[in-house]
Each structure stands twice: as structure tokens, then as C-alpha cells.
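> Could you look at this predicted model? Sequence included:
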Amino acid sequence: MLFLNLMIMSKIKQIIAWIAILGGGIGFFFFSLYAVDFMR
């Protein structure tokens, strides 16, 4: 049971990490677009 719990926790952490990485990448992409537009 403990092993199953740890597996579920690691899966949740992996999902959170992926969401954070994807969200950060998208946010950085939009920020760079905005910065280029702002600098013009």
C-alpha cells in the first residue's frame, strides 16, 4: 500500500512538473513576443 502511495505521489509530482515546464515555456514565449513588440 505504501509503495502504491509513493508511485501515485511521484506520478502527481511528474504531472505538476510537466505543467510547470509547459506553462513556463508558454509564458516565456508570450513574454518574448510582447517584449519584441514593446521594444519596436
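Yep, that arrived.
> Would you mind listing the buried residues in stretch 8-19?
For stretch 8-19, a neighbour-count test (16 or more other CB atoms under 10 Å) marks nothing as buried. C-beta: built from backbone N, CA, C; applies to glycine.
> Could you check how far A17 is from G24?
11 Å (CB to CB, to the nearest Å).
> try R40
Distance, R40 to G24, by CB to CB: 25 Å.
> now S32
Counting by CB to CB, the gap from S32 to G24 is 12 Å.
> Can you tell me the centre-most residue of the protein?
Geometric centre of the chain, nearest residue: A20, 1.7 Å, by CA atoms, centre = their mean.
> Next up, the contacts around that one.
A20 makes contact with no residue, according to CB atoms under 8 Å, 6 or more residues apart in numbering.
> Helix or strand: which one has it?
Per DSSP states H and E: A20 is located in helix 2-39.
> Please state the offset of that helix from the chain centre?
0 Å (CA atoms, centre = their mean, to the nearest Å).
> again, but for stretch 22-40
Distance, centroid of stretch 22-40 to centroid of chain: 15 Å (CA atoms, centre = their mean).
> So for that stretch, mean pLDDT?
On average, the pLDDT along stretch 22-40 is 90.
> So if I had to pick from R40 and G24, which one is more boxed in?
G24 (10 against 5; other CB atoms under 10 Å).
> got the contact list for that one?
Applying CB under 8 Å, 6+ apart, no residues contact G24.
> What's the separation between it and W18?
11 Å.
> where do the contact lists of these two overlap?
The contact sets of G24 and W18 do not overlap (CB under 8 Å, 6+ apart).
> Now for I21, how many residues are close by?
Neighbours of I21 under the rule other CB under 10 Å: 10.
> ah, wrong one, I meant I26
Counted with other CB under 10 Å, I26 comes out at 10.
> Then L6?
10.
> How about F30?
Around F30 there are 10 residues (other CB under 10 Å).
> Could you measure from it over to L22?
Note on F30: its distance to L22, by CB to CB, is 13 Å.
> now swap in I15 and tell me
Distance from I15 to L22, by CB to CB: 11 Å.
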